[in-house]
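> just coords:
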């Protein structure tokens with residue numbers, strides 16, 4: 001029978017500190033009777049990432065588009081006036 005290796009990520013492993021959490025996890029794995037295993041790293045849970053709203057980028061673009069649009073209209077008017085006079 002072929003043998004496989006699995007990578008498992010466990011969330012919400014609790015303990016007063018990193019070492020205690022790792023020891024509690026090791027004990028639970030031993031009690032579960034799983035074959036060979038190795039705990040590679042225990043890290044504190046990261047806070048959730050901030051949610052970016054989809055409309056914030058479009059509002060930023062629309063705010064910067066106003067002055068550019070005005071500049072384009074002035075440049076077009078000067079070019080048109082130059083064509084009429086020249």
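On my side now, so go ahead. The structure presented is a predicted model; accordingly, all values stated were derived computationally and were not measured. Residues are numbered from 1 along each chain as shown.
> middle-most residue in the protein, spatially?
The structure's the chain has its C-alpha centroid closest to residue 49; by Cα atoms, centre = their mean the separation is 6.1 Å.
> please, which helix or strand holds it?
Under the criterion DSSP states H and E, no helix or strand holds residue 49.
> just the pLDDT for it.
If you check residue 49, the pLDDT there is 78.
> for the one 3 residues further on, same thing?
Among the per-residue scores, residue 52 holds a pLDDT of 71.
> would you mind measuring from it to residue 63?
As judged by Cβ to Cβ, to the nearest Å, residue 52 and residue 63 stand 17 Å apart. C-beta coordinates here come from the backbone N, C-alpha and C atoms, glycine included.
> give me the low-pLDDT residue ranges for this protein?
Residue ranges of the chain with pLDDT under 70: 53-62.
> residue ranges for the helices of it, please.
Counting by DSSP state H, one finds helices in the chain at the ranges 18-32, 54-85.
> what does the first one contact?
Taking contacts as Cβ atoms under 8 Å, 6 or more residues apart in numbering, the residues outside helix 18-32 that touch it are 10, 13-15, 37, 39, 42-44.
> now distance to residue 6 and mean neighbour count too, for the helices of the chain, in TSV please.
Shown next, in TSV, are these (distance: least, Cβ to Cβ, whole Å; neighbours: other Cβ atoms under 10 Å):
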stretch	distance to residue 6	mean neighbour count
helix 18-32	13	13
helix 54-85	37	9
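> any chance of those helices in a markdown table with distance to residue 1 as columns?
Converted to a markdown table, the helices of the chain look like this (distance: least, Cβ to Cβ, whole Å):
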| stretch | distance to residue 1 |
| --- | --- |
| helix 18-32 | 21 |
| helix 54-85 | 50 |
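> how many neighbours does residue 42 have?
16 (other Cβ atoms under 10 Å).
> how near is the closest residue to it other than its chain neighbours to residue 30?
When the adjacent residues along the chain are set aside, residue 42 lies closest to residue 22, with 4.7 Å between them (Cβ to Cβ, 6 or more residues apart in numbering). Using Cβ to Cβ, residue 22 is found at 13 Å from residue 30.
> out of the contacts of helix 18-32, which two sit at the greatest distance?
For the contacts of helix 18-32, the farthest-apart pair by Cβ to Cβ is 37 and 44; their separation is 21.5 Å.
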